[in-house]
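Undergrad: I'd like to go over a predicted model; first the sequence, then the structure.
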Amino acid sequence: MNWGTKIVLGMAAFMLFIISMVVYMFKTHGNDALVEDDYYEKGIHYDKEYDAKSNTLNDDAAPVIKISKSQIILQLKDEADYQLTLMRPSEAKKDMSSKGKTIGDAHLIIIDATHMDKGLWSLKLAWRSNGKDYLFVKEITI
């Protein structure tokens, strides 16, 4: 085998590598949890999100979080309508969201954690109570 054949085989192997990387990137497109579909919409409404986070800090309204093997329990100060999002950084397909009202006089939100993967989750809880919007974001480990 002469040097010309080796160069052609090397170029072919490199092109095959590049093509396989392109196919892999297109295949995994959309599974990235770091990219949001409504990025620009969230940017426009950032002031509302900032005000809700400020209300949580100023009113000392951060929820109490208790994590066990089978449940995640969030306790709020007052009765509220909430929207909860649990995002898995490693796989966007496993993200969960729910809406509802707090339960009982203790103002609880109970999430079944038996079917959730172990590891890091991003918790985002938005709620409205006493005419104010609140937002709480935290990384939790299950």
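TA: Everything's here; your move.
Undergrad: what is the helix or strand harbouring residue 5 packed up against?
TA: Using DSSP states H and E, residue 5 sits in helix 3-28. Packed against helix 3-28 by the contact rule (3 or more Cβ pairs under 8 Å, 6 or more residues apart in numbering; DSSP states H and E) you find no helix or strand. All C-beta spots, glycine's among them, are computed from the backbone N, C-alpha and C.
Undergrad: check which element follows that helix along the chain.
TA: Heading C-terminal from helix 3-28, the first helix or strand you meet, by DSSP H and E, is helix 39-44.
Undergrad: which parts of the helix or strand following that next one are buried?
TA: Downstream of helix 39-44, the next assigned helix or strand under DSSP H and E is helix 46-58. Within helix 46-58, the residues that count as buried by 16 or more other Cβ atoms under 10 Å are 52-53, 56.
Undergrad: export the helix or strand just after helix 46-58 to CSV, keeping only CA atoms.
TA: Tracing the chain C-terminally past helix 46-58 and defining elements by DSSP H and E, one meets strand 64-67 next. C-alpha atoms of strand 64-67 as CSV (Å, rounded to 0.1, in the frame of the first residue of the first chain):
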residue,chain,number,x,y,z
VAL,A,64,-40.7,23.9,53.5
ILE,A,65,-39.5,20.8,51.5
LYS,A,66,-39.4,17.3,53.0
ILE,A,67,-38.1,14.5,50.8
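Undergrad: who does strand 64-67 pair up with?
TA: Using DSSP bridges, the strands paired with strand 64-67 are strand 71-75 (antiparallel).
Undergrad: residue 41: neighbour count?
TA: 9 (other Cβ atoms under 10 Å).
Undergrad: do residue 120 as well
TA: Residues near residue 120, counting by other Cβ under 10 Å, number 13.
Undergrad: how about residue 115?
TA: Residue 115, neighbours per other Cβ under 10 Å, totals 7.
Undergrad: likewise for residue 8?
TA: By the measure other Cβ under 10 Å, the count of residues near residue 8 is 10.
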